[in-house]
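Q: this is a predicted model, with the sequence first.
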Protein chains: 2
Amino acid sequence: MLRTHTCGELRIGNVGEKVTLSGWVQRVRNKGGLVWVDLRDRYGVTQLIFEEGSSEQALLEKAASLGREFVIQAEGEVIERTSKNNKIPTGDIEVKTTSLDVLNAAKVPPFVIEDETDGGEDLRMKYRYLDLRRRVVREKLQLRHRMMQETRKFMDGLDFMEVETPVLIKSTPEGARDFLVPSRINEGEFYALPQSPQTFKQLLMVSGFDRYFQIVKCFRDEDLRADRQPEFTQIDCEMSFVEQEDILTTFEGLVKHLFSTVKKVELGEVERMTFADAMKYYGNDKPDLRFDMKFVELNDVAQNKGFKIFDEAELVVGIAAPGAASYTRKQVDALTEWVKRPQIGAKGLVYVKCNEDGSFKSSVDKFYSQEDLKAWADKMNAQPGDLILVLSGDQSATRKQLSELRLKMGSDLGLRDKNVFKPLWVLDFPLLEWDEESARFHAMHHPFTSPKQEDIPLLEEDPGAVRANAYDLVINGVEIGGGSIRIHDRDTQKTMFKHLGFTDEEAQAQFGFLMEAFEYGAPPHGGIAFGFDRLCAIFGGSDSIRDYIAFPKNNSGRDVMIDSPSAIADEQLKELSIQLALKK
Amino acid sequence: MLRTHTCGELRIGNVGEKVTLSGWVQRVRNKGGLVWVDLRDRYGVTQLIFEEGSSEQALLEKAASLGREFVIQAEGEVIERTSKNNKIPTGDIEVKTTSLDVLNAAKVPPFVIEDETDGGEDLRMKYRYLDLRRRVVREKLQLRHRMMQETRKFMDGLDFMEVETPVLIKSTPEGARDFLVPSRINEGEFYALPQSPQTFKQLLMVSGFDRYFQIVKCFRDEDLRADRQPEFTQIDCEMSFVEQEDILTTFEGLVKHLFSTVKKVELGEVERMTFADAMKYYGNDKPDLRFDMKFVELNDVAQNKGFKIFDEAELVVGIAAPGAASYTRKQVDALTEWVKRPQIGAKGLVYVKCNEDGSFKSSVDKFYSQEDLKAWADKMNAQPGDLILVLSGDQSATRKQLSELRLKMGSDLGLRDKNVFKPLWVLDFPLLEWDEESARFHAMHHPFTSPKQEDIPLLEEDPGAVRANAYDLVINGVEIGGGSIRIHDRDTQKTMFKHLGFTDEEAQAQFGFLMEAFEYGAPPHGGIAFGFDRLCAIFGGSDSIRDYIAFPKNNSGRDVMIDSPSAIADEQLKELSIQLALKK
C-alpha cells in the first residue's frame, strides 16, 4: 500500500512511529516558518507539519506550494501536538514530515469541497465525483452501505435466500410504463426492465424456496418528480406458508434491527391502523404519527346553525393545533391563503381560538355562540390555547386538504422531529380502485394481491368495497414498504384479471406462465418490498432520495456527469432493426 | 405460520410433541392398512403416517388419494419410527397425522421432481420453477446465496463500501456490443446497460471512497455460447493507494475465505506465472495446474534429422503424458484423429512411447534412432511408461493445439479432479493486442489499464510488446477474475486512447468525464472483477454457469418460461419515438 496508516487512524499511542500517509490536501497553512497541511481521506484528517530549520527548505517550499485537492504521499514521524484539536480523533498528534510526493496534482475544484459548499445543485451533479468527496455526502452512502449489510445479515439469519432475478424480462401493460430493450438476436422483439421482481419471486415460492429476498434495482419510465428516479432500489422479500401476521412480525423485526444497529434507536411497538381509519382520522393512507391532531368530524355540532357553507357541505371536519391559539391575525390569514392555493384547493378556512380563559374567538362568531363553539371544542377535546382549524366540502377532497393542513401545522409547530421515528402498519387496503380515465378498476396494490376471504362475495356486486390482504409500512408519514398476501390458485387469479378488464386471452398472454405455475402445487405465500432509497433517506433525516444514490439522474432522467442518454450510431440502430421516428 | 416446524427439523427429541407441518407431497405409499406420505420442503423430508383403525377412515382415504406435488398442511404427533431411516436427518421419527388439509392440488408435473429427472433441458427451462424444486438444483442456488453473503462479509470486514452504480448508462463503442434502452423523455436518445461499472468505480476512487465493491449485474449483447449469458453477475472491486501486490494479496484473501467458509477447503498458496510463461509452458493464458504436462520445446533435438515436417516447422513442442505408454495403437490413432479435427486443426501427431524397459517406440522411428528419442525423453524428463506427444508448426497455432491436447490428456487420464482446486495468478499481460479485422490495436484488458512503467518507452516503437499491470485469477483452467492497476492521469489516458485509434474528439465525447475527473486529484488505484456465475460453477464442480442462475436464458437469449423477449404494442414504440425496421 502507498500508506502505512489511513488519515483517520493515528493516535497519541502512535507517537514516535515512522508512518506513510496518502490522501488529499484539505488545507495548507503557512505561518512564521511553519507549514501545516491537513491531509484527508475517507477515514479522517491528519495534520502534517513542516518546520523551517528542521525540515529541508525544498521540502518546506514544496509543502507550501501544494494546492487544495492535490493527492500526496507523505512520510514522517508521529509527534504529539503542542496545541491539541479535540474536535477530531487524530487531534492529539501530527506527522512531522520528512518526505513528500505529489501523486497527482489537482485543478481548482469548481466548488468548495467542505461540509458547507458553494456549489449549486447543477454543478454538483455534473461533478458528482467531487460532491461525493465531501464528508456529509459520503456519509450518506456509508449509511446506505451499512443498511445493506445489516439487511442481508438479518434476512440471512432468518433463512431467507438471496436470489438474483433477471433484469431482461417481458413487458406487461399493467402498472407503470416499462423501459424497453430491443433484442438484436430476436429481431423485432423487446425485453423490458423489471418494475419489480414480483412474478419471479412468486415463482420462487412455487419452487419451494420458502423464503426469498433481494436488494434489487427496479425501473419505471415515468415522468419524474423530485423524489422519483427512473432506476431505484428495493428490498424485495417473499415467504411461503404465512398469513399476514407472520409478514408483519417478520418485517417489523427487520426494521427494528436496522434502527437498532444502524441508528442505535430502539423503535418500540409498531402501531397498526386500517386504511379506513387512516383516511378517516388523517385523510391520508400514510399518516405521520409523530404528532396527534386527529381529524374530528363536526357535522352534528356545526351544521344547522345558519352558516350556509357548512350546512351545504357533505363534511365538516377539523383539527386542534396545540398551543396555536396565540397565532396572530396575520398568521391565521396566511393559513387561509395557504389552504386556498391551487395545490391544496380549499375554498376557505374556519378557525376557533380556544383562549386560555375558556372563551372562544372564531372566524364564524356571527353564526355560532360561545356555547356552540364550546361544543366543538369538547367534541375535539381541544384544550385552552389550541387553535381549531375547520374545513368543509366533499368528503374526499376535504379530507385530503385537511391532511395537507395538518402536516403543515405539524411542521410549523415543530412537531415533526427528524430524530423521532413513528412506524405504522396501515392494513386492509381496498383491493381495487376505480380509474375514471380508463373507466375500469385497477389493482390498488397489484393484480396478484389476494382479497380478504370474507369480502370475496362482494367481488361481483361491489368490487370497490372488497378489502385486500395488503399492508404498508409507514414511518413519519412516508410509505417505506408495502406488500400483500398473494393469490395462489389459478381460478382466483383468473377472476382477478377479469375484474381488471383483461380478456382471457390477454391474461393468458401476459401471465399465463404464472397461472400455469399455480396449477403445479403453489403454496400460500406473501411478501413485501421496501423502497430502499427512501428508507435510507428516512434514516438519514432527509427528504431527498437523490442524496442517497451515488450517481442519481436529474428530473429529466439525465445523468449530466456522463451525459446520458445520448445519440447512438446508425449502425447500432440497424443492428437492432429499429429506426428513429421523431415527433418533433 | 402455517407450520410449527419445517420438514427438516424434527428429531427424536421432539417425540410426543404436537406439530403442524406444511409442504409438498414427495411420495405416497399405501400398504396393508397403512399410508405413508413423504412431505418435502426446502429444509428436508418428514414422513407422515396414517394407520387404519387409529386414524379415521376418511383421513386415511384422503391421505391415500394425495397426488405428487400436492401442497398440504398436516397436524399430528411426533412418534419414534419402528423402522428408522438413517439416510435422512429426520429418519428417526414420523408424524402420526390427525388432520390433513390440501392447501393446493397439483397437476402431474411434466417431469419427475427428484434428484434424477426424466425432463430434457428444454422442458426444464420452460418449467424452470419446477426444476428449481429439485434438491440438486436448489442446492446450487443455496451455494450461490452462501457465496454472496460470505463475499460481502469479507469485503465489509476490510472496509470496502458496497455502492450501487447505475444500470442506465451511456453507450460506448469500445468493448463488446451494448444493450440499448430508448429514452422516452429524451427523444431520439438511448441509455446503454453496463458491460461493467468500470468508469463509475474509478470515479468512486476519484471521490476518495478508497475501497469499493459491488455484486452487480452486467450485460453484453453478444452472440451466445453455452457458457455465456446476456446478463451475468460480477463481484466488482476497486481500491486506492495500491500497487499490484496489494490487490493480489487482498483478493487471494477473498478467494481463500470463500473456499474456507463455503467449501471447507483450505486453498493454500496461490501460484503466480507470467503471461509469457503461461503461453510458453501451457499454450494458454489460463492453464489448468491440477496436472503437470508442461510443454517442452524440442526444436534442437528433433530438427535436422531428416524428418521434413519437423525440419520446416517454426516450433516442435511436446508433452509427456504420465503412464500413457500403454495406450493401444487404436487409442493413439484416435488421438491423432482428435488433433486433426477442424476445431483443433493440427496436421498430425507424433508420439513416442517410453517403454518400461528403457526402449522407445515412436511414430517416427524411420527418422530417429533410440538415442535420438532418448534425447527427447531426457529433455522432457519423461519417465518409463510415459507417452510423449509432439506437435509442430507455427508458434502460436501449435501452442494452442498442444494446449487443447494437454487438457484432453488431463481429462482422459483422470487428472482433472473436480474436488482439487489449483488457483493461479497470471501476471504481466500484454497491454495491447493487434486486431486484424479493424487493423488496429485493441486493449487486451480495457483502455483504462496502465502500462508497466518500464515498458512505457516501447509504446511508440513496439506497442505490442508493452506489458500491462494486469492480472487474471485462474482456477483449474478457468479464468474467474481479472483486473489491473489503472491509469490515473489525464495525459497517459489520452495517449492510451490515441494508441487505440481514438481521435481526440472521440476520446473526449466518450470518456471526457473520466479524463476531466483525473485532473481534480485522482489517486493511484486498481481493481478486479470476478465472474460470479463462473465462480459459483467452479465451487459447485460444474461446467455450466446456467445451473447457477435462477432464471437463465437459452442460447438465443430467450427466457422460454416467460416467453421473452416479445413483440410489443405499437403504442409503446410510438411513445419511444422509434419504429421497427426489420431486415427479414
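A: Okay, I see it.
Q: where do the helices sit along the stretch 301-450 of chain A?
A: A:308-311, A:329-340, A:370-380, A:395-412 (DSSP state H, counting those that start in this stretch).
Q: tell me the contacts of residue A:74?
A: A:20-22, A:37, A:39, A:48, A:95, A:97, A:99-101 (CB atoms under 8 Å, 6 or more residues apart in numbering or on different chains). No exception for glycine: its C-beta is placed from N, CA and C like everyone else's.
Q: from those, which are also near chain B?
A: Checking the contacts of residue A:74 against chain B by CB under 8 Å from any CB of the partner chain, the ones in range are residue A:22.
Q: out of the contacts of residue A:74, which comes closest to residue B:374?
A: Taking CB to CB as the measure, residue B:374 sits nearest to residue A:20 out of those, at 57.7 Å.
Q: which strand or helix spans the closest one?
A: Residue A:20 belongs to strand A:18-31 when assigned by DSSP states H and E.
Q: now render the contacts of residue A:74 as CSV, adding distance to residue A:277 and pLDDT.
A: Shown next, in CSV, are the contacts of residue A:74 (distance: CB to CB, whole Å; pLDDT from 0 to 100):
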residue, distance to residue A:277, pLDDT
A:20, 63, 98
A:21, 59, 98
A:22, 58, 98
A:37, 61, 98
A:39, 57, 98
A:48, 62, 98
A:95, 62, 98
A:97, 66, 96
A:99, 70, 96
A:100, 67, 97
A:101, 66, 97
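Q: what is the nearest of the contacts of residue A:74 to chain B?
A: Set against chain B, the nearest of these by CB to the nearest CB is residue A:22 (4.5 Å).
Q: give the contact list for the closest one.
A: A:2-3, A:41, A:71-74, A:103, B:240-241, B:523.
Q: quick one: contacts for residue A:344?
A: So residue A:344 contacts A:338, A:401, A:404-405 (CB under 8 Å, 6+ apart).
Q: pull the number of nearby residues for the residue nearest to residue A:125 when sequence neighbours are not counted.
A: Nearest residue to residue A:125, sequence neighbours excluded (CB to CB, 6 or more residues apart in numbering or on different chains): residue A:560, at 5.0 Å. As a burial measure, residue A:560 scores 16 neighbours (other CB atoms under 10 Å in any protein chain shown).
Q: right, and residue A:560 touches residue A:122 too?
A: Yes: under the contact definition of CB atoms under 8 Å, residue A:560 touches residue A:122, with a separation of 7.2 Å.
Q: ok, residue A:562 - how many residues close by?
A: Here the number of neighbours of residue A:562 (other CB under 10 Å) works out to 23.
Q: how near is it to chain B?
A: Plainly put, residue A:562 is 5 Å away from chain B if you go by CB to the nearest CB, to the nearest Å.
Q: quick check, that residue in a helix?
A: No: assessed with DSSP: H, G, I helix; E, B strand; the rest coil, residue A:562 is coil; it does not lie in a helix.
Q: per-residue pLDDT, it?
A: Here, the pLDDT recorded for residue A:562 equals 95.
Q: list the contacts of it.
A: By CB under 8 Å, 6+ apart, residue A:562 lies in contact with B:169-170, B:199, B:513.
Q: so which of those residues sit within helices?
A: Among the contacts of residue A:562, the members found in helices (DSSP state H) are B:199, B:513.
Q: let's have the contacts of residue A:562 in CSV, adding neighbour count.
A: Output for these, formatted as CSV (neighbours: other CB atoms under 10 Å in any protein chain shown):
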residue, neighbour count
B:169, 23
B:170, 24
B:199, 22
B:513, 21
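Q: give me the element the spatially closest residue to residue A:95 that is not a sequence neighbour is part of.
A: Using CB to CB, 6+ apart and skipping the chain neighbours, the partner closest in space to residue A:95 is residue A:76 (4.4 Å). In the assignment (DSSP H and E), residue A:76 maps to strand A:71-80.
Q: what of residue A:67?
A: Residue A:67 belongs to no helix or strand, assigned by DSSP H and E.
Q: hmm, it is touching residue A:108, no?
A: Yes: using CB under 8 Å, residue A:67 is in contact with residue A:108, at 7.0 Å.
Q: for those two, indicate the residue with more neighbours.
A: With neighbours defined as other CB under 10 Å, residue A:67 and residue A:108 compare such that residue A:67 has more, 14 against 10.
Q: which one is the more buried one nearest to, not counting chain neighbours?
A: Closest to residue A:67 by CB to CB, 6+ apart is residue A:106, at 6.1 Å.
Q: retrieve the pLDDT associated with that neighbour.
A: 97.
Q: who are the contact partners of the residue in the stretch 401-550 of chain A positioned nearest to chain B?
A: Using CB to the nearest CB, the single residue of the stretch 401-550 of chain A nearest to chain B is residue A:521, 3.6 Å away. By CB under 8 Å, 6+ apart, the residues touching residue A:521 are A:206, B:24, B:69-71, B:104-106.
Q: can you put those in CSV and add neighbour count and distance to residue B:342?
A: Shown next, in CSV, are the contacts of residue A:521 (neighbours: other CB atoms under 10 Å in any protein chain shown; distance: CB to CB, whole Å):
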residue, neighbour count, distance to residue B:342
A:206, 26, 45
B:24, 25, 48
B:69, 22, 46
B:70, 19, 52
B:71, 27, 52
B:104, 20, 53
B:105, 16, 54
B:106, 21, 48
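Q: so can I have TSV of these showing distance to residue A:490?
A: Listed next are these as TSV, based on distance: CB to CB, whole Å:
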residue	distance to residue A:490
A:206	12
B:24	17
B:69	15
B:70	15
B:71	13
B:104	10
B:105	10
B:106	11
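Q: which one of those is nearest residue B:224?
A: Minimum distance to residue B:224 across those is 27.0 Å, recorded for residue A:206 (CB to CB).
Q: enumerate every residue touching the nearest residue to residue A:375 once chain neighbours are set aside.
A: Nearest residue to residue A:375 in three dimensions, chain neighbours excluded: residue A:301, at 4.6 Å (CB to CB, 6+ apart). Residue A:301 is in contact with A:372, A:375-376, A:379, counting by CB under 8 Å, 6+ apart.
Q: can we see that at 6 Å?
A: Counting by CB atoms under 6 Å, 6 or more residues apart in numbering or on different chains, residue A:301 makes contact with A:375-376, A:379.
Q: residues contacting the nearest residue to residue A:232 once chain neighbours are set aside?
A: Once flanking residues are discounted, residue A:232 sits nearest to residue A:533: 5.4 Å by CB to CB, 6+ apart. By CB under 6 Å, 6+ apart, residue A:533 lies in contact with A:232-233, A:545, A:548-549.
Q: can you tell me which of those residues are in strands?
A: A:232-233 (DSSP state E).
Q: so which one among the contacts of residue A:533 has the lowest pLDDT?
A: In terms of pLDDT, residue A:545 ranks lowest among the contacts of residue A:533, with 93.
Q: is chain B within reach of the longest helix along chain A?
A: In chain A, with assignment by DSSP H, the single longest helix is helix A:135-157. Yes: on the criterion CB under 6 Å from any CB of the partner chain, helix A:135-157 is in touch with chain B at A:145, A:148-149, A:156.
Q: quick one: low-confidence ranges for chain A?
A: A:226 (pLDDT under 70).
Q: so which residues of the stretch 301-450 of chain A form strands?
A: Taking DSSP state E, counting those that start in this stretch, the strands of the stretch 301-450 of chain A run over residues A:315-321, A:350-354, A:360-362, A:387-393, A:423-427, A:432-435, A:440-443.
Q: mind putting the ones you listed in CSV, distance to residue B:57 included?
A: Formatted as CSV, the strands of the stretch 301-450 of chain A follow (distance: least, CB to CB, whole Å):
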stretch, distance to residue B:57
strand A:315-321, 61
strand A:350-354, 73
strand A:360-362, 76
strand A:387-393, 66
strand A:423-427, 42
strand A:432-435, 44
strand A:440-443, 44
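Q: now distance to chain B and mean neighbour count too, for those strands, in TSV please.
A: Listed next are the strands of the stretch 301-450 of chain A as TSV, based on distance: least, CB to the nearest CB, whole Å; neighbours: other CB atoms under 10 Å in any protein chain shown:
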stretch	distance to chain B	mean neighbour count
strand A:315-321	39	24
strand A:350-354	43	24
strand A:360-362	49	18
strand A:387-393	36	25
strand A:423-427	18	21
strand A:432-435	17	15
strand A:440-443	17	17
